[in-house]
Every structure is written in structure tokens, then in C-alpha cells.
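J.: one predicted model, sequence on top.
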Amino acid sequence: MVGQTSPLSIPLNVPLEWRERFLIKRFDEKDVEITLNERNIILVALRKGTRFIQVGKLTLMLNSIKSIDPYYPPYNIPPKPELKFKNVFDEKKKLYVQVEVEESRKKVELWEKFFSHNQLPGGVNV
């Protein structure tokens with residue numbers, strides 16, 4: 001399982017906010033958010049029979065882990081950002097019109113660059 005990636009092989013140059021993340025589900029405790037690399041380290045430690053592991057500032061007892069789940073189930077693909085609009089007064093028409101916010105368009109295009117070409121198992125497009 002070490003080195004395992006998602007079935008969609010997301011590139012490494014994806015912005016941090018969209019990189020694969022996971023949730024460690026623990027018995028009677030809060031979930032802990034981890035990165036793909038941290039998940040892989042935990043899987044190695046579990047296979048070796050290690051009892052404790054340090055994740056950031058947390059020391060986790062490995063036998064308290066119920067599961068490690070994708071942050072965005074089932075394929076760990078973050079939701080597509082929505083286009084944002086602002087109201088601008090049009091002097092010619094004498095009314096407000098909605099204008100797309102350029103930064104939101106760029107963010108949507110970047111998301112599409114990384115994720116829209118992927119196909120889910122069974123041929124379903126993302």
C-alpha cells in the first residue's frame with residue numbers, strides 16, 4: 001500500500017489546497033487530517049507493528065485508528081470552485097449587471113486543468 005496513489009493519478013504540482021488529504025478516524029476521538037505522505041508513513045508503521053507515531057504535534061497510538069478515509073470521498077477530488085460575480089453599475093443601461101470576478105475564473109480553470117480530464121472508474125467523467 002505504500003506509494004499508493006488515487007485511481008486518478010493527480011499531478012504533484014497541484015496547489016496545496018487541492019492535494020490529496022485523508023482523515024484518520026479514531027475510536028472516541030476527533031478525526032485527524034493528514035496528507036498523502038503522512039498516510040503512507042502511517043501504513044508502513046502499522047505494517048511494522050509500531051505502537052505510536054508522531055503526526056505534527058500529535059502522538060497517535062496506532063491501535064486507536066479505526067480507518068483512514070479520503071477527505072473528499074470517494075475519489076479524493078476536491079469540489080470544483082464556483083464562479084463568483086460582482087454587481088457593477090452599467091452607465092449606458094442605467095442598471096446593475098453581474099460581472100464575473102477574474103480571480104474566480106482563473107481558479108476554476110486551474111481546477112479544470114488538474115481534474116476535469118480525469119475519468120472515474122467505469123468511464124464516468126469528473
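T.: Cool, got the structure. Only a predicted model underlies this, so the values are computations on that prediction, with no experimental measurement involved. Residues are numbered from 1 along each chain as shown.

J.: strands of the chain, start to end?
T.: 21-26, 32-35, 52-55, 58-61, 65-70, 85-90, 95-100, 119-120, 124-125 (DSSP state E).

J.: neighbouring strands for the fifth one, and are they parallel or not?
T.: The pairing partners recorded for strand 65-70 under DSSP bridges are strand 21-26 (antiparallel).

J.: list the contacts of residue 95.
T.: Shown in contact with residue 95 (CB atoms under 8 Å, 6 or more residues apart in numbering): residue 89. All C-beta spots, glycine's among them, are computed from the backbone N, C-alpha and C.

J.: about what we covered before: quick check: which of the strands of the chain is nearest to residue 108?
T.: Nearest to residue 108 among those is strand 95-100 (9.7 Å), distances taken as CB to CB.

J.: residues of that closest one that come out buried?
T.: By neighbour count on 16 or more other CB atoms under 10 Å, the buried set for strand 95-100 is empty.

J.: quick one: mean pLDDT for that strand?
T.: Taken as a whole, strand 95-100 has a mean pLDDT of 73.

J.: quick one: it to strand 85-90, angle?
T.: Inter-element angle recorded for strand 95-100 and strand 85-90: 140 degrees (by axes from the mean of the first three to the mean of the last three CA atoms, to 10 degrees).
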